[in-house]
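> what follows is a predicted structure for the sequence shown.
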Amino acid sequence: MTDITAPTLGPRDAGAAEAAADPDGGIKPDAHLVSVVELLFFAYRDFTGEADAVLEEIGLGRAHHRVLHFVYRNPGLRVADLLGILKITKQSLARVLKQLVDNGYVTQSMGERDRRERRLTLTDKGTALARRLIALQTARVAQALSSAGVEAEGLTRDFLFAMVGVDDRAGVAALIRDPEYAT
């Protein structure tokens, strides 16, 4: 855990006080922003924790969860598209996918127009697991949004979308099927 020893900073303007030089000539990060980064770490830890525990019971992990999630949300997803979504190597995906196929969570089929394509679909077993994991995570998100107040959902969605790299935003907007973020 990082101890933040910088003095409390007052209100920040739009740009000037975002960073201050530290004695060795480097840039000292804004303590307020460092705390946001730390909150993201803790939120992600807890957001994934319950799902990780379920997956661990059956010998799977977070990489399997990501595949299950996106195949659940996009039945018939091409392997090539999944690689782009996850930004992982073919080798990394192959290992995870093999386990999911061998354990009966995912099926692979050839593309109808291009037989070289591999299309991914969840089995009933895979669908049940994906739904269980989504239920855990949406319950946590719903509780957090409820306690954060009436405007929290819109602000949170806007913040998270702004965290996505500019070059990826159109693809993410299409993937999450939210017209609010379509460009």
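Noted; the coordinates are in hand. In this text, all values refer to a predicted model and were calculated from it rather than measured experimentally. Residues are numbered from 1 along each chain as shown.
> what strand or helix carries the residue sitting nearest the centre point of the chain?
For the chain, the residue nearest the mean C-alpha position is Arg66 (8.0 Å; C-alpha atoms, centre = their mean). In this assignment (DSSP states H and E), Arg66 forms part of helix 62-73.
> related to what we said a few turns ago, isn't the residue nearest to the centre of the chain right up against Leu86?
Yes - if you go by C-beta atoms under 8 Å, Arg66 and Leu86 touch, sitting 5.8 Å apart. Placement of C-beta: from N, CA and C, glycine included.
> give me the angle between the longest helix seen in the chain and helix 62-73.
Looking across the chain with DSSP state H, the single longest helix is helix 31-57. Regarding helix 31-57 and helix 62-73, their directions subtend 80 degrees when assessed with axes from the mean of the first three to the mean of the last three C-alpha atoms, to 10 degrees.
> what is helix 31-57 packed up against?
For helix 31-57, the elements it packs on are helix 62-73, helix 124-148, judged by 3 or more C-beta pairs under 8 Å, 6 or more residues apart in numbering; DSSP states H and E.
> would you turn these into CSV with mean pLDDT and distance to Leu39?
Output for the helices and strands packed on helix 31-57, formatted as CSV (pLDDT from 0 to 100; distance: least, C-beta to C-beta, whole Å):
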stretch, mean pLDDT, distance to Leu39
helix 62-73, 98, 20
helix 124-148, 98, 11
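> can I get those in JSON lines including distance to Glu56?
JSON lines is the format used below for these (distance: least, C-beta to C-beta, whole Å):
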{"stretch": "helix 62-73", "distance to Glu56": "10"}
{"stretch": "helix 124-148", "distance to Glu56": "12"}
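> run through the residues that contact Lys90.
Leu83 (C-beta atoms under 8 Å, 6 or more residues apart in numbering).
> so what's it scoring on pLDDT?
On the pLDDT scale, Lys90 is placed at 94.
> nearest residue to Gly76 in space, please, no chain neighbours.
In space, and not counting its chain neighbours, Gly76 is closest to Arg119: 4.8 Å by C-beta to C-beta, 6 or more residues apart in numbering.
> to clarify, my last question referred to Gly104.
With C-beta to C-beta, 6+ apart, the residue lying closest to Gly104 is Lys125, at 5.1 Å.
> would you confirm that the one you found contacts Val106?
No - under the criterion of C-beta under 8 Å, Lys125 is not in contact with Val106, lying 9.3 Å apart.
> how about low-confidence regions in the protein?
Scanning the chain for pLDDT under 70 picks out the ranges 1-25, 111, 183.
> break it into its domains for me.
Domain ranges of the chain: 29-148, 149-183, per automatic domain parsing.
> packing partners of the helix or strand containing Glu153?
Per DSSP H and E: Glu153 is located in helix 152-163. Applying 3+ C-beta pairs under 8 Å, 6+ apart, one finds that helix 152-163 contacts helix 124-148, helix 169-176.
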